[in-house]
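# Please find the sequence and the predicted model below.
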Amino acid sequence: MKPLTCFGSVLLLGCLAPALAQPWNVRDFGAVGDGTTDDTAAFQKALDAAAAAGGGTVLAPRGNYLFAGSLNVPPAVTLRGVWESVPAHNGIRDAGLPKPTDDGTTFLVTGGAGSEEGPPFLTLTHNSTLKGVVLYYPNQKVDDVPEAYPWAIAMRGKNPAVLAVELLNPYNGINTTGSERHLIRDVHGQPLRRGVYVDQIYDIGRIENVHFNPWWSMKPKLFQWQMANGEAFIFGRTDWQYVFNTFCFGYNVGYKFIKTRARASATAISLGLGADDCQTALVVEDSAPYGLLITNGEFVSFHGPDPTMIDVRASNTGSVRFVNCAFWGPCHQIAKVAGRGTVGFSDCTFVQWDAKKEGRHAIQASGGTVLVRGCEFREAKAHIELGEGVRRAVITDNIFTGPARVTNRSEGRIQVANNVGE
């Protein structure tokens, strides 16, 4: 008969498996969590101890941990607070509701004030994770132009993750550059200048259930500054980015696609995007030929000098497709389309535009290729304008309120057919 053997942590016929390693506790390394003692060194000791053992979890129990410096989470190490799902706090805006210092695990970040260029507060690398904490900047101005800080979180290496984290009021939120297969899931809060920045991603990244709302402050000076300067989601070079169930409120730009030094632009599959009360809901400076595929989006613009839902700029050379999206709010224009790329709207609903009654068309195209198919225009105003620079356009199977108002100044190849007006 062969001898009985224990495999890993499985108990077979009386064999006792080795005890599982317990998490490292930051308090065992000197962390105080009283909101006044600098806990940076104690946390880093705990993180380094976990790394020296080959990886594991570093637990930060309930407390208010003050950080005057920066943290580096080594490979295969998780820094974890008590929250299993992302918490919500109304900060100092709504009386009677919990503040981040009332419960759970809160990181009070004070280091780096005055400049965006310093080291991030917390850096993740290969297979490292931040989970279940609140990041709160206690010295940030609540009713004035905000003070600059570096990025709250930098994601580097392969497979880093940010899970169930509240970014209550950082100046800059999460920078994920060169971090292939990153995962940003269940993150809420009010980043003031930038929310999530993505660049140099050569394998698929994932951003899921990330919502930025003004939970911390809507005081006039601060919120007006955010509306004039804030950008919620910025995408540079990324070779496919999966973006699901994301939302932002009260920014200058909700979603921005740019070309960076990485010499290529974003390709993204985006499902369930939302941008509410942003001066421009979505800006495309450039996109890759493979395209931006945006489905089930919700876009609202009505503040600022020229509130516009979609702005595809003259620098764009790629493909942008909106499918089953809804556009509303008393904006000036639904979409401005320029560049040499292709922009398509399919099965979309356009509710409001031309709030100042200047005769603006819902969709104004000055260049490239334009597709508008199966959409509903719910106002009896100017609908579509094709400028001289439009090379090709297909405008078919749409429903218009009032007579169809399609202005064609293009000398390119244009098809307008099967549309129904009143």
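Sure thing, it's come through.

# May I have the secondary structure class of Met227?
helix (DSSP: H, G, I helix; E, B strand; the rest coil).

# what's around it, how many residues?
17 (other C-beta atoms under 10 Å). All C-beta spots, glycine's among them, are computed from the backbone N, C-alpha and C.

# I figured it hits Gly304, correct?
Yes: between Met227 and Gly304 there is a contact at 6.7 Å, judged by C-beta atoms under 8 Å.

# Report the set of residues contacting both of those two.
Between them, Met227 and Gly304 share these contacting residues under C-beta atoms under 8 Å, 6 or more residues apart in numbering: Asn252, Gln279.

# Correct me if wrong: Pro87 contacts Leu167.
No: judged on C-beta under 8 Å, Pro87 makes no contact with Leu167 at a distance of 11.4 Å.

# Please say which of the two ends up with more neighbours.
Leu167 (27 against 22).

# ok, the residue nearest to the more buried one when sequence neighbours are not counted - contacts?
Nearest residue to Leu167, sequence neighbours excluded (C-beta to C-beta, 6 or more residues apart in numbering): Gly189, at 3.4 Å. Residues near Gly189 by C-beta under 8 Å, 6+ apart: Leu135, Glu166, Leu167, Leu168, Asn169, Pro170, Gly173, Phe212, Asn213, Trp215, Trp216.

# For Pro119, see how far away Gly189 is.
21 Å (C-beta to C-beta, to the nearest Å).

# And for Arg193?
Distance from Arg193 to Pro119, by C-beta to C-beta: 17 Å.

# which one of those two has more residues nearby?
More crowded of Arg193 and Pro119, by other C-beta under 10 Å: Arg193, with 19 against 15.

# Pretty sure the more buried one sits against Asn169.
No: checked against C-beta under 8 Å, the pair Arg193 and Asn169 is beyond contact range at 11.0 Å.

# just for the stretch 101-250 of the chain, where's the confidence low?
Low-confidence segments of the stretch 101-250 of the chain (pLDDT under 70): none present.

# Give me the helices and strands touching the host helix or strand of Ala42, please.
Here Ala42, judged by DSSP states H and E, is contained in helix 40-52. In terms of contacts (3 or more C-beta pairs under 8 Å, 6 or more residues apart in numbering; DSSP states H and E), helix 40-52 is packed against strand 24-25, strand 56-59, strand 63-67, strand 71-73, strand 77-80.

# what's next to that helix, contact-wise?
Under C-beta under 8 Å, 6+ apart, the answer for helix 40-52 is 24-26, 28-32, 56-58, 60, 65, 67-77, 79, 111.

# how does it look with 7 Å?
24, 26, 29-31, 56, 58, 67-69, 71, 73-75, 77, 79 (C-beta atoms under 7 Å, 6 or more residues apart in numbering).

# and if you look at stretch 385-399?
With C-beta under 7 Å, 6+ apart, stretch 385-399 has contacts from 361, 364-377, 384, 406-420.

# Give me the buried positions along that stretch.
Glu385, Leu386, Gly387, Gly389, Val390, Ala393, Val394, Ile395, Asn398 (16 or more other C-beta atoms under 10 Å).

# just checking, next helix/strand downstream of the host helix or strand of Phe327?
Phe327 is part of strand 326-328, with elements assigned from DSSP H and E. Using DSSP H and E, the helix or strand that follows strand 326-328 in sequence is strand 333-337.

# need the helices for the stretch 201-350 of the chain, in chain order.
220-229 (DSSP state H, counting those that start in this stretch).

# just to revisit the earlier point, Ile294: which of the contacts of Gly189 is nearest?
Comparing the contacts of Gly189 against Ile294 with C-beta to C-beta places Phe212 closest, at 17.8 Å.
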